[in-house]
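J.: return a 3D structure for these sequence lines:
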Amino acid sequence: MKKFVLRAACLVFVMYGSICSAKAQTKGLLWQITGKGIKQPTYLYGTIHLFDTSLYRIPQPVMAKLAQTKKVYFELDFGKLNPIELVQYAMVTDSTQYLNKLLDSASLHKLQEVAKTSPMMQMIGPAMYRLKPLFLTTLLLNNGKAVTIDMEMYNKAKTLHAQVGGLETVAEQMQALNAIPVTTQAKMMQDFLKTYTSADAMIKKLTELYVKQDTKMLLKEMNDDAPLDASFNEALLIKRNVVMINCMLPLFGKGSLMVAVGAGHLGSDEGLIALLRKKGYQLKSIPFVFTKAH
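T.: This is a model prediction of the structure:
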């Protein structure tokens, strides 16, 4: 359950991104940050939280840059997660808003059919209707095979004895998720279910989009699959970007650093790249190519 809720907290952007309108060039996933007193290697990397390693290998150029740094910061500090706290945030407390009471009949039927193909959802059983829709949606994408690049980087940082931290607390991240009303989440799940075929197909699509390193296109494609309103974009990306920037700035200039967050936070006029440039930092894309697995 802990792993599931963590993914739910981190995965939202890849399922429900918004169309970016970046004026500055922001194509690329790996960026070097310089200026304003930064003397040692400082990097920003856009991760994805479901990655198909049967198609492509974990990007070794990124791991090589990580090995040059003494501090690695993620959205959350994965080593300080409280499973009980995470589960509490995932549950709907108002029985009138259980998902089987909010979905239309066609969507509910499809969800029930999909649940039959998922060992995890079968294990949860009828309790799945008590989970907030955004959390439940991640179950549909959990095929048990995809890796989370964030966790791969976290494990690498730990083996290198790098200092690991988080830009947000669990409470901050969950409050952002919970700013989306359950009824709105249910409508988003209905849209998602309309095009959903299988976890394998969705993860393959996400991976193929991700390796192109075009966050604008990635978010546009996800928005086409599950359109969302401006309030979601405001809560899940824009406001959180400000929180992340405020945490990042004091870290700069105090030793080598890698910041790794969901790629959806990088692009757009309100993304981390644009916000850092507005603060007077220079960001340069570091090109690399994903290697096919076979």
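J.: hang on, residue 245 in a helix?
T.: Yes. Under DSSP: H, G, I helix; E, B strand; the rest coil, residue 245 falls within a helix.
J.: that one and residue 277 touch, don't they?
T.: No. Applying Cβ atoms under 8 Å, one finds residue 245 not in contact with residue 277, separated by 11.2 Å. In this view, the C-beta of every residue, glycine as well, is placed from N, C-alpha and C.
J.: what's the first helix or strand after the worst-scoring helix or strand of the chain on mean pLDDT?
T.: None of the helices or strands of the chain scores lower by mean pLDDT, DSSP states H and E than helix 2-15, at a mean of 47. For helix 2-15, the following helix or strand on the C-terminal side (DSSP states H and E) is strand 30-34.
J.: buried sites along that next one?
T.: Buried residues in strand 30-34, counted by 16 or more other Cβ atoms under 10 Å: 30-31, 33.
J.: just stretch 274-288 next, same as before
T.: 274-277, 281, 283, 288.
J.: contacts for that stretch, please.
T.: Outside stretch 274-288, the residues that touch it by Cβ atoms under 8 Å, 6 or more residues apart in numbering are 22, 24-28, 30-36, 38, 43-44, 59, 61-62, 65, 241-242, 245, 248-249, 252, 268, 273.
J.: give me the buried subset of those.
T.: Among the contacts of stretch 274-288, the ones that count as buried by 16+ other Cβ under 10 Å are 22, 26, 28, 30-31, 33, 38, 43-44, 59, 62, 65, 241, 245, 248, 252, 268, 273.
J.: and the helices in the protein?
T.: 2-15, 60-66, 83-90, 105-115, 119-124, 133-140, 149-159, 170-178, 182-195, 199-210, 215-225, 230-233, 239-248, 272-278 (DSSP state H).
J.: what helices or strands is the fifth one leaning on?
T.: Put plainly, it is helix 119-124. With contacts taken as 3 or more Cβ pairs under 8 Å, 6 or more residues apart in numbering; DSSP states H and E, helix 119-124 sits against helix 105-115, helix 133-140.
J.: put the alpha carbons of that helix into CSV.
T.: Output of helix 119-124 as CSV, limited to C-alpha atoms (Å, rounded to 0.1, in the frame of the first residue of the first chain):
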residue,chain,number,x,y,z
PRO,A,119,-4.2,-8.9,-8.9
MET,A,120,-3.8,-5.8,-6.8
MET,A,121,-7.3,-4.5,-7.4
GLN,A,122,-8.7,-8.0,-6.8
MET,A,123,-6.9,-8.0,-3.5
ILE,A,124,-8.4,-4.7,-2.5
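J.: buried stuff in it?
T.: 121, 124.
J.: got phi/psi on the closest residue to residue 50 other than its chain neighbours?
T.: Of all residues not flanking residue 50 in the chain, residue 146 sits nearest, at 4.4 Å (Cβ to Cβ, 6 or more residues apart in numbering). Backbone torsions of residue 146, given as degrees, to the nearest 10, read phi -70, psi 150.
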